[in-house]
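Enquirer: Would you be able to build a 3D model of this:
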Amino acid sequence: MDWVSAACYLSDNRVMTGGMDGKVCLWRRGGSDCRDLYGEQGSVSVLSSLSKSTPIAASAGYDGSVIVWNCSSSSPSETKIENRRKQLPPITAFAPDSEGNLAISGSNNGLVSLWDLNQGQCLKAALGKHGTQVQKVIRDESCGEVFYTAGVDGKIGMWDTRGKLGSATGNDIGATVSATPFTSPSRAGAAPISGLVYVDETHVLASGGNDVALLDTRMNLQVVGKPMGGHKKPIASLCLGGGGLVSFSGSIDGMVIAHNLQTMQPIYGMGANKKSASFLGTTDTRLIVTGDDGHALVYSFS
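Expert: Predicted coordinates for the structure are as follows:
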């Protein structure tokens, strides 16, 4: 038994969890017991559901591989995908496209890789590289085939998988047909970017480093307005609420601050955890905060 390092919901509302021991657990509804699934040879970093209608998920971790788990039957099956030429470094971040066909991963040495989950192969092991560990990978919810990566180097990369690998690169997202990233300039003394979310229907990203910043994906990730401050320590987690109009950021000292993304002003702040506020999530009516102090707090929106 070891730390739980990743979790996701399947399409049938069952839960999958992954641990630092390399084991994936598929839980019955209600969480009474679970089936142990083995395939990872190292700590599981990420679990991600691949379908809204079929219980299929992907896991990625420290053995540098991706495993697709099909949980449709009573005996789940797995397809392990590895780079053919050379084992990849530990995967620390991963996200599939909107159809669950392609995915991009980021590694602890900054390597960004492209995967074909249907064909079971690593299409491009060295798609590009951050200077240091990749913290986050998310997809563009407006098209599902563009991805964004955030790294410890304080930079954000944009990757377009709609074109052919190695083809010419344009100057904006609509004309970018290769998988070469645009990278936003790192501010002097920029903190590692640990939070990255896509703001629906706005073509804007919200990122969390030393503070919360909005970036326009149509303008090569130019910063919109001024970064939204308030935190004394670097941000550890970031999520949206209020119909996508409010950002919630949690810092390594346990402080959580809400910002209005229209006015770009703070709404309120609260000391939620004694240690890092490492995870934030919202429902329509609640904010959930969990931290390194071992506590989970649930706040109701008034």
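Enquirer: which ones are touching Cys239?
Expert: 195, 197, 247-248, 280-282 (CB atoms under 8 Å, 6 or more residues apart in numbering). Any C-beta I mention is one placed from the backbone N, CA and C, and that applies to glycine too.
Enquirer: Setting aside sequence neighbours, what's the nearest residue to Ser48?
Expert: In this structure, Ser48 finds its nearest non-sequential neighbour in Ala58, 5.3 Å apart by CB to CB, 6 or more residues apart in numbering.
Enquirer: What is the neighbour count of Arg85?
Expert: 8 (other CB atoms under 10 Å).
Enquirer: if we can go back for a sec, name the nearest of the contacts of Cys239 relative to Ser32.
Expert: Checking the contacts of Cys239 against Ser32 by CB to CB gives Gly281 as the nearest, at 23.4 Å.
Enquirer: how far away is the closest one from Leu297?
Expert: 11 Å (CB to CB, to the nearest Å).
Enquirer: residues shared between the contacts of the two?
Expert: What both Gly281 and Leu297 touch, as defined by CB under 8 Å, 6+ apart, is the set Ile288.
Enquirer: residues contacting Thr285?
Expert: Contacts of Thr285 by CB under 8 Å, 6+ apart are 300-301.
Enquirer: Need the phi and psi values for it.
Expert: The phi/psi pair for Thr285 (degrees, to the nearest 10) reads phi -120, psi -10.
Enquirer: start the count at 58, not 1, going forward
Expert: Sure thing, new numbering starts at 58, so read that last one as Thr342.
Enquirer: List the beta-bridge partners for Thr339.
Expert: Taking DSSP bridges as the rule, Thr339 bridges to Leu344.
Enquirer: Next one: it from Cys65, what distance?
Expert: 17 Å.
Enquirer: How about Ser130?
Expert: 19 Å.
Enquirer: So for these two, which sits in the more crowded spot?
Expert: Cys65 (17 against 8).
Enquirer: The more buried one against Ala115, yeah?
Expert: No. Using CB atoms under 8 Å, Cys65 is not in contact with Ala115, being 9.1 Å away.
Enquirer: List the residues that are in contact with both of these two.
Expert: With CB under 8 Å, 6+ apart, Cys65 and Ala115 have common neighbours 104-105.
Enquirer: mind listing what Ala115 touches?
Expert: Contacts of Ala115 by CB under 8 Å, 6+ apart are 103-105, 107, 123-126, 151, 153, 157, 160, 174.
Enquirer: Show the pLDDT at it.
Expert: Looking at Ala115, its pLDDT is 97.
Enquirer: still on that earlier bit, strands - which of the contacts of Ala115 land there?
Expert: 103-105, 123-126, 151, 153, 160 (DSSP state E).
Enquirer: Just name the closest of those residues to Thr206, please.
Expert: Nearest to Thr206 among the ones in strands among the contacts of Ala115, with distances taken as CB to CB, is Phe151, at 10.5 Å.
Enquirer: Just the pLDDT at the closest one, thanks.
Expert: For Phe151, pLDDT reads 97.
Enquirer: Show me the shaky parts of the stretch 58-207 of the chain.
Expert: 58 (pLDDT under 70).
Enquirer: show me the contacts for Gly348.
Expert: For Gly348, counting by CB under 8 Å, 6+ apart, the contacting residues are 307, 311, 329-336.
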